[in-house]
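S.K.: Here is a sequence with its predicted model. Questions after.
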Amino acid sequence: QVQVVESGGGLVQAGGSLRLSCAASGRTARNYGMGWFRQVPGKEREFVASLSWSSGSAYYADSVKGRFTISRDNAKNTVYLQMNSLKPEDTALYYCAARITGSYDLVSGYSYWGQGTQVTVSS
């Protein structure tokens with residue numbers, strides 16, 4: 001069992017930056033691949049970024065490439081999402097999730113989810 005807790009959301013103006021954190025706890029938490037998804041009301045949850053635990057490879061949605069960076073501190077069992085050049089369309093509830101296997105960019109690929117942290121970007 002892995003517990004995942006997000007933090008760091010807030011209100012920011014367009015063009016600004018935020019860093020989200022995701023703390024994973026549990027006996028084997030560091031063996032899990034980690035991902036970030038986001039969701040707005042009335043829409044499906046969508047993939048944002050993922051980090052493979054084995055290779056360290058990072059993957060991004062086209063909409064955030066070049067602006068967002070996912071990273072991991074294994075000593076702290078924490079994953080970060082650095083978000084720069086934020087746009088109003090980045091406004092969403094951001095979720096962190098953990099997976100062992102499964103597709104890195106699909107909701108169904110992840111087994112454990114946090115409660116989400118709200119990011120609001122004003123124009």
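M.R.: Great, that's in hand. Residues are numbered from 1 along each chain as shown.
S.K.: what pLDDT does the residue nearest to the spatial centre of the chain get?
M.R.: Per C-alpha atoms, centre = their mean, the C-alpha nearest to the average position across the chain is that of residue 36, at 2.2 Å. You'll see residue 36 listed with a pLDDT of 98.
S.K.: I'd guessed it sits against residue 9; true?
M.R.: No - with contact defined as C-beta atoms under 8 Å, residue 36 does not reach residue 9; the gap is 11.6 Å. (C-beta placed from N, C-alpha, C; glycine too.)
S.K.: Now the common contact residues for those two.
M.R.: Listed as contacting both residue 36 and residue 9 by C-beta atoms under 8 Å, 6 or more residues apart in numbering are 20, 94.
S.K.: how about the strands in the protein?
M.R.: 3-7, 10-13, 18-25, 33-39, 46-51, 58-60, 68-73, 78-83, 92-99, 112-113, 117-122 (DSSP state E).
S.K.: Tabulate these (CSV), appending distance to residue 106.
M.R.: Output for those, formatted as CSV (distance: least, C-beta to C-beta, whole Å):
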stretch, distance to residue 106
strand 3-7, 17
strand 10-13, 28
strand 18-25, 18
strand 33-39, 9
strand 46-51, 7
strand 58-60, 12
strand 68-73, 16
strand 78-83, 18
strand 92-99, 9
strand 112-113, 13
strand 117-122, 21
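S.K.: just to revisit the earlier point, the residue nearest to the centre of the chain - nearest residue in space that isn't next to it in sequence?
M.R.: Among residues not flanking residue 36 along the chain, residue 48 sits closest, at 4.3 Å (C-beta to C-beta, 6 or more residues apart in numbering).
S.K.: and what of residue 22?
M.R.: Nearest-residue entry for residue 22: residue 96, 3.4 Å, with adjacent residues in sequence omitted and distances by C-beta to C-beta, 6+ apart.
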